[in-house]
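> Let me see the structure of the following:
(2 chains)
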Amino acid sequence: MLGRSLREVSAALKQGQITPTELCQKCLSLIKKTKFLNAYITVSEEVALKQAEESEKRYKTGQSLGDLDGIPIAVKDNFSTSGIETTCASNMLKGYIPPYNATVVQKLLDQGALLMGKTNLDEFAMGSGSTDGVFGPVKNPWSYSKQYREKRKQNPHSENEDSDWLITGGSSGGSAAAVSAFTCYAALGSDTGGSTRNPAAHCGLVGFKPSYGLVSRHGLIPLVNSMDVPGILTRCVDDAAIVLGALAGPDPRDSTTVHEPINKPFMLPSLADVSKLCIGIPKEYLVPELSSEVQSLWSKAADLFESEGAKVIEVSLPHTSYSIVCYHVLCTSEVASNMARFDGLQYGHRCDIDVSTEAMYAATRREGFNDVVRGRILSGNFFLLKENYENYFVKAQKVRRLIANDFVNAFNSGVDVLLTPTTLSEAVPYLEFIKEDNRTRSAQDDIFTQAVNMAGLPAVSIPVALSNQGLPIGLQFIGRAFCDQQLLTVAKWFEKQVQFPVIQLQELMDDCSAVLENEKLASVSLKQ
Amino acid sequence: MWSRLVWLGLRAPLGGRQGFTSKADPQGSGRITAAVIEHLERLALVDFGSREAVTRLEKAIAFADRLRAVDTDGVEPMESVLEDRCLYLRSDNVVEGNCADELLQNSHRVVEEYFVAPPGNISLPKLDEQEPFPHS
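Below you'll find the model as predicted:
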């Protein structure tokens, strides 16, 4: 049951084959078993069970709320959740309990979803490995998969070989690990420079970044106001569409949401005619650092579309090489501004110094933030200094326009969807990853994903195949602004073609597998 | 804000941090002087904490300098991707509030309905009165 798609589970719940409480307890038990992954910061057991109880009542009286009723989900710990600790994996907010729900969280709860817990991340969502949070790094479930272990010719049951575990990617690594390890069916992440798509690619999941302005950011603790969006992590495209259907829409509490008519519910049509599609391949994305395996898969994907009759053309995004630099300046500048709210007075950590407000603020912020956050605040403040403002910040804003225009030009030349890699390579071992500092890693790992945030376009990472080492590799599709449905339709067709393998976590599922076997016998009828 | 600027202007950086800027000058672009460090620390209310942090900033600046190569003549800065749209404004009606108690609960120091702050208008200690990097 835990490995099924959202639609299948929803059907099973409606048919009474399983109750929300049973489902909830299975997930909770798996969360406990997979604790070593460190995917969750807070497991909201009581809350989830209570929600499950209420969901059960609704199913019994035939009044279920929809496809998400009774479905376990997880939420990244930078979304505010009323009554549940929200830390952003930082000392600054340890023990902080928000008095309200983020709009996206509220929307999921209104649909009856069960909140399993808050997932781990890089501190304040700054990073590309989910390794720099105060609660420790997140481990990629694929490190323990049969596919990976067999390639490394190791005994899958040996305990002492844990030193070579792999990162999940970041910064929504906890959400990715939670979904990948079957502890929930969908998870919310946030995407500022690729933070949802990067871990999705490394954990073999669908990582969807909606158009900027489609989904409300109210309650998402902001990093970069002009680029942040809530992201969705699921195991298949259909599930992502269902979640998006619940989340998309204007919010009076977020003035950057757009009042555009959106088709609800988000039903994805089957892609009728691939031959009418035009796929663009940005040539500047072929960088020397790209691993040969990813490059080969990218090429095969392009060939696949071509063989089905689609038009596949090379496009140019000329300012690509400056994109990461521009992102770096804008991101640190906005971060410097957004982090100014943490002064210890109204919420969050407060130090013991009481000599003066300035001394108190300074000490609170030194104690509350880690090096990465402090580094970005200082860099941002540097770029915002009067003498630097024109040359760095405004310059970066101008370059941002050039980058956004590059995309507009590409789409105007008849392209429907762009196809690019998501990451340079598959997930690397943690010990390898920490050899370089956070900023260097982010600059390397965000290279394919951050331009999309600067232009505000929708993008999705789809898992394509396993590498020679048995690890997931994903490719990214980028769509036109507010054409999220079209993008997901193309992605769904592609997903069906590639048939990405399911992760085999036999050792973990040992206790659950007996129950799983019994359930396979019961057929589930799906109403399409 | 003004008082802080005036304060910085009056304060001549006497000596600066010892054994620190002398290392910065040979390697760095010379841009990260002690004055800049102090200025940034005051503005950000976050300290560098170590020599490595300054080096990281220098690298970040060098990285950002690559933008100079882009020709942006006649290009307007882009502040938001939604610049072509009108912002939606709510009508000016009070629909929620009265949650003072809930909000006060999150603070460490509260007296009745007030957040308690230490006294303002007291400058941070001068640099030469502090040891360099006391918290590295």
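
> Give me the neighbour count for A:Ile462.
As a burial measure, A:Ile462 scores 28 neighbours (other CB atoms under 10 Å in any protein chain shown). For the C-beta atoms, the positions are set from N, CA and C on the backbone; glycine is no exception.

> quick one: what helix or strand has it in it?
Using DSSP states H and E, A:Ile462 falls within strand A:459-466.

> touching chain B at all, stretch A:93-103?
Yes - contact of stretch A:93-103 with chain B (CB under 8 Å from any CB of the partner chain) involves A:96-97, A:99.

> What's the ChimeraX syntax to select whichever of those residues are buried?
In ChimeraX syntax, the buried subset of those is picked out as below (16 or more other CB atoms under 10 Å in any protein chain shown):
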select /A:96,97
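
> Quick check: pLDDT value at A:Glu159.
For A:Glu159, the model assigns a pLDDT of 47.

> hey, where'd the strands end up in chain A?
Remark: strands assigned in chain A by DSSP state E are A:40-43, A:72-76, A:114-119, A:186-191, A:206-209, A:229-234, A:278-282, A:311-315, A:417-421, A:459-466, A:472-478.

> Comparing those strands, which comes out most buried?
Most buried of those, by mean neighbour count (mean count of other CB atoms under 10 Å in any protein chain shown): strand A:206-209, with a mean of 32.

> So in that sheet, which strands flank that one, and in what orientation?
Strand A:206-209 sits in its sheet next to strand A:229-234 (antiparallel), strand A:459-466 (antiparallel), going by DSSP bridges.

> Mind putting these into CSV with mean pLDDT?
Formatted as CSV, these follow (pLDDT from 0 to 100):
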stretch, mean pLDDT
strand A:229-234, 97
strand A:459-466, 96
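
> Considering only helices and strands, which part of chain B has the lowest mean pLDDT?
None of the helices or strands of chain B scores lower by mean pLDDT, DSSP states H and E than helix B:21-27, at a mean of 36.

> Pull the contacting residues for A:Leu214.
A:229, A:248-249, A:257-258, A:260, A:262, A:458, A:482, A:484 (CB atoms under 8 Å, 6 or more residues apart in numbering or on different chains).

> rerun that using 7 Å as the cut-off
A:248, A:258, A:482, A:484 (CB atoms under 7 Å, 6 or more residues apart in numbering or on different chains).

> Dump the strands paired with strand A:206-209 into CSV; add distance to A:Arg149 as well.
Output for the strands paired with strand A:206-209, formatted as CSV (distance: least, CB to CB, whole Å):
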stretch, distance to A:Arg149
strand A:229-234, 24
strand A:459-466, 13
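
> wait, which of those strands is closest to B:Leu40?
Distance to B:Leu40, taken as CB to CB, is lowest for strand A:229-234 among these, at 30.0 Å.

> So which bits of the longest helix that chain B contains are buried?
When chain B is parsed with DSSP state H, its longest helix is helix B:51-64. For helix B:51-64, a neighbour-count test (16+ other CB under 10 Å) marks B:53-58, B:60-61, B:63-64 as buried.

> Tell me where the stretch 51-200 of chain A has helices.
Under the criterion DSSP state H, counting those that start in this stretch, helices of the stretch 51-200 of chain A are mapped to A:103-110, A:146-151, A:173-180, A:197-202.

> got it, and chain B?
Under DSSP H, chain B gives helices at B:2-10, B:21-27, B:34-44, B:51-64, B:100-104.

> now, which of the buried residues of helix B:51-64 lie close to chain A?
By CB under 7 Å from any CB of the partner chain, the members of the buried residues of helix B:51-64 lying near chain A are B:53, B:56-57, B:60-61, B:63-64.

> With pLDDT added, can I get these in CSV?
Compiled in CSV, these are given as follows (pLDDT from 0 to 100):
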residue, pLDDT
B:Ala53, 89
B:Arg56, 90
B:Leu57, 92
B:Ala60, 92
B:Ile61, 93
B:Phe63, 92
B:Ala64, 93
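
> Widest-spaced pair of the residues you listed?
Within these, B:Ala53 and B:Ala64 form the most distant pair, 16.4 Å apart (CB to CB).

> is it true that A:Lys139 touches A:Thr34?
No - the pair A:Lys139 / A:Thr34 is not scored as a contact, 9.2 Å apart, by CB atoms under 7 Å.

> Whichever residue of the stretch 51-200 of chain A sits closest to chain B: what's its closest spatial neighbour, skipping adjacent residues?
Of all residues in the stretch 51-200 of chain A, A:Pro99 sits closest to chain B, at 4.1 Å by CB to the nearest CB. Of all residues not flanking A:Pro99 in the chain, B:Glu102 sits nearest, at 4.1 Å (CB to CB, 6 or more residues apart in numbering or on different chains).

> Next: A:Pro282.
Closest residue to A:Pro282 apart from its sequence neighbours, by CB to CB, 6+ apart: A:Leu317 at 4.7 Å.

> and the one you found, how many residues sit next to it?
Using other CB under 10 Å, A:Leu317 is surrounded by 23 other residues.
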